[in-house]
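Student: build me a model from this:
(2 chains)
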Amino acid sequence: MKQKKVRFLVGSLLIVGAIGYLITMGISNTSQYFFTVDELMSQKVSFAGTGLKVKGKVVNGSIQRDPNDYLDVKFFIEENSASLKVAYQGVTPDMFIDGGEVVVEGTLGKDGIFHANTLLTSCPSKYEAEKEAGKMHPGTLPQADKYQKPGLNKAEVLPKTTI
Amino acid sequence: MNDIGEFTLLVALATALYGCVAYVMSARGNRIDLYLSADKTPFIVWACIAISSICLWKAFLTDDFSLQYVWAYSNRELDTFYKVSSFWGGQKGSLLFWTLLLSTYMLVVYFQNRSKNLRVVPYAMAIMLAILVFFLFLINFSTNPFERIPLPPEDGRGLNPLLQNYWMVIHPPTLYLGYVGFTVPFAFAVAALISKNLDDGWIRMTRKWTLISWFFLCMGNLFGASWAYVELGWGGYWAWDPVENAAFMPLLIATAFLHSVMIQEKKDMMKVWNMSLILLTFAMTIFGTFITRSGLIQSVHTFDEATLGYYFLAFLFVIIVACVALIILRLPLLKSANELDSFLSRESSFLFNNLVLLGIAFATFWGTIFPIISEAVRGVKITVGPPFYNQVNVPIGLALLALIGIGPVIAWRRATLSNLKKNFLKPLIAAIVAAVVLYPFIPLGSRTEIYTYTTFVLCVFVLASIGTEFYKGTVSRMGLHEESVVGALATVTWRNKRRYGGYIVHIGVVLIFAGIAGSQAYGTHTEKHLQPGESFEIRGYTIKYEKLIAVEATNIKTRIIAQLAVERDGRRYWTGHPEKEFYKGQNQPVSEVDVLSTWKEDLYMILADFREDESATIKVYVNPMVSWMWTGGWIIAFGTMISMWPDRLEQRRRLDRVRKQEQLFPAPAQE
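Tutor: Predicted structure coming up:
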């Protein structure tokens, strides 16, 4: 009787141990430091080369797109008067706008430019009532500035074929 | 009308408070007068909350912008359909909606169990009322949906376009139905602990509730995944976002609970374990609410008001402390009558399945709260993302998949070598055949590819083992009765709804596993900036950008649509229309993707950007096997329906039991 109990205990512990091992390994292999821009700037140790996640607001008017390659974007993010230059390659999310809050993931280069491989925008208005009610983000521009609707091809309403 | 809504909320709070106290006192002091009085409260509380909800709905439908909440989530032009769903679009309304669901559940429980089992039910009602008191307190004093704006504005701010999607109408209520539903088994579990009725009565009484809640939670997760897939336009369906995790963890623990209660019913074991699991499930639903509403963890879903989270944290703390204390207090009564016989048995496969499910839940939990812990311990915020969850949960998930195949066919008590051989020979052969057949087609270079290969082989193994179960039942039925194959299969399933319904759910789960493996391992995507007339290739499809179309759809919505011709083997195959929609009053456009879905793969197109010269950036994903997951979801729904279907035999057994119980504890005389 007792022996059986011990065996079950050992079996269960093995499973628990294996899961624990996976978690520890997972954490040490994949974790990233998460800073706001000012926190990153005030770090004494250099984080150049390591994987980082940085949060900040897009500096007004700093978004630059390469005229030849539309997918190449450079911009600054700031937080508490510290700012950081970010280079990103790829499609930017709908909510990537001046003054919007973004989280970039990537590495900090020796040149001080942050090379982002992911660009996330936090949903500014999804559930937030108060923030938008009185105080808009200082740099939020009216819609038309970024997207000019082409005046061509005014066609009848298309049937949508989404499945 | 708004005053009525506000007032009924206060009445509901007062009544719930009274009912809670009266129920407990009547049960402790055996006072029938108090019991009769308390027994009126559930209906009154429900009626008050329902009236209040109707008032809020009316405010939405009549564009009453004197309510801050209506102003913030609606405007005059909003579709009626979305005006109805705006009710739960924000923090305040979603709490009221939660309360409405909880009180409705409570009312159903009340009518179901009236004058049944008077030892346990009053306590269960008291606990549900106590939980309602908490929510009603928040609604009344912290986030009142009937808060006024002194000078009502002309028009509302409008609902976020991302939420203007039919999934928005389906997904949150489904998830809430699941979340809230676990309150019922939890209340009965605690009631059983308090009243010392610690047989499996509470489990049987709430089995249907557990199943229904599990079902809604499962569907809610899947709906959330498909919402993200069609609406957010990033080509994926699951991002291990804290809020997604918050809905996923209770599902895992509830799944463990659903399995381990079978052991208690059959073998009278694992009583403490089951108590802990249902407590944990409920605690996880509250924890999930805490994450969503505290803003403590970076997430895409956060609500704004940060203070509310701490009420939930305090509530969570109280629940956990009280329940752990209760369980410890009742430990002597929770002794198991039996113990496990052998490693190789159905019982221990259930035990391992529980450990594995809890393992996934814990890994997910740890990853979710890791930023907070690391900040508290080391002073720096360290986050983990999808790579962490994939690295940890995929191997554990594979072990789970293997157990799904082993569980149903391994013998109870002790599996001997001969019955192992008898039960496992066919599934193993099927798995080996699958492994050999798939080998030449699947690359095995990286770890992901090996995992995917293993997943497919295990899926075949599980399907074969479930198939042999159905086969065995059908054949033995056909041997005894003259029935066709289909007839026998149907009868066997219908006669054992719970068992075969469960197997059908397992088939759905296997499809989901396969879908995830396929889409994660073999997906590809590309993005191109194109002039009209230019084209590019992806996975054998040629995608040609034809033109850009602007449509004034309504007076608040403008659609910019890209027309993309998809060619395959030189002939036109399909025309895709991904688009961006611009809403009046919202400062960001919404991408509407277009998807061509087949059982083999999805072709998923996004209009990422466009410029005045009509050039556009198009992003295309090829996601293999995604539709398998949605199919799996429907199969799960079907299987759950079968196992939930009222069973005459079981009802008769239950009636007998109730009768027996009433002889033991005669009900107090009623009027």
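Student: switch to C-alpha atoms for all contacts and neighbour counts from now on
Tutor: Will do.
Student: host element of residue B:488?
Tutor: helix B:485-495 (DSSP states H and E).
Student: what's the distance between the helix or strand following that helix and the middle of its chain?
Tutor: Next along the chain after helix B:485-495, taking DSSP H and E as the criterion, comes helix B:497-522. Helix B:497-522 has its C-alpha centroid displaced from the chain centroid by 16 Å (C-alpha atoms, centre = their mean, to the nearest Å).
Student: now helix B:497-522 against helix B:485-495, angle please.
Tutor: Angle of helix B:497-522 versus helix B:485-495, following axes from the mean of the first three to the mean of the last three C-alpha atoms, to 10 degrees, is 110 degrees.
Student: and helix B:497-522, which residues are buried?
Tutor: B:497-521 (16 or more other C-alpha atoms under 10 Å in any protein chain shown).
Student: counting contacts, what elements does the helix or strand in which residue B:635 is found pack onto?
Tutor: Element membership of residue B:635, judged by DSSP H and E, is helix B:626-644. Applying 3 or more C-alpha pairs under 8 Å, 6 or more residues apart in numbering or on different chains; DSSP states H and E, one finds that helix B:626-644 makes contact with helix B:207-227, helix B:497-522, strand B:601-610.
Student: that older thread, which other helices and strands does the helix holding residue B:488 contact?
Tutor: helix B:447-480, helix B:497-522.
Student: just put the helices and strands packed on helix B:626-644 in TSV and tack on mean pLDDT and distance to residue B:143.
Tutor: Formatted as TSV, these follow (pLDDT from 0 to 100; distance: least, C-alpha to C-alpha, whole Å):
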stretch	mean pLDDT	distance to residue B:143
helix B:207-227	92	25
helix B:497-522	93	39
strand B:601-610	89	38
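Student: burial count for whichever residue of the stretch 101-250 of chain B sits closest to chain A?
Tutor: Closest to chain A within the stretch 101-250 of chain B is residue B:160: 6.2 Å, counting by C-alpha to the nearest C-alpha. Residues lying near residue B:160 (other C-alpha atoms under 10 Å in any protein chain shown) number 21.
Student: how close does it get to residue B:168?
Tutor: 11 Å (C-alpha to C-alpha, to the nearest Å).
Student: likewise for residue B:76?
Tutor: 19 Å.
Student: domains in the chain, by residue range?
Tutor: Going with chain A. Domain ranges of chain A: A:1-31, A:33-140, per automatic domain parsing.
Student: meant chain B actually
Tutor: Using automatic domain parsing, chain B is parsed into the domains B:1-162, B:165-334+B:345-382, B:390-522+B:630-641, B:528-627.
Student: could you dump these into JSON lines with distance to residue A:46 added?
Tutor: Compiled in JSON lines, these are given as follows (distance: least, C-alpha to C-alpha, whole Å):
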{"stretch": "domain B:1-162", "distance to residue A:46": "40"}
{"stretch": "domain B:165-334+B:345-382", "distance to residue A:46": "14"}
{"stretch": "domain B:390-522+B:630-641", "distance to residue A:46": "28"}
{"stretch": "domain B:528-627", "distance to residue A:46": "35"}
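Student: tell me the contacts of residue B:512?
Tutor: Residue B:512 is in contact with B:628-630, B:632-633, counting by C-alpha atoms under 8 Å, 6 or more residues apart in numbering or on different chains.
Student: winner for burial among the domains of chain A?
Tutor: domain A:33-140 (a mean of 17; mean count of other C-alpha atoms under 10 Å in any protein chain shown).
Student: what's the mean pLDDT across that domain?
Tutor: Mean pLDDT, domain A:33-140: 74.
Student: what's the answer for stretch B:580-598, then?
Tutor: On average, stretch B:580-598 scores 82.
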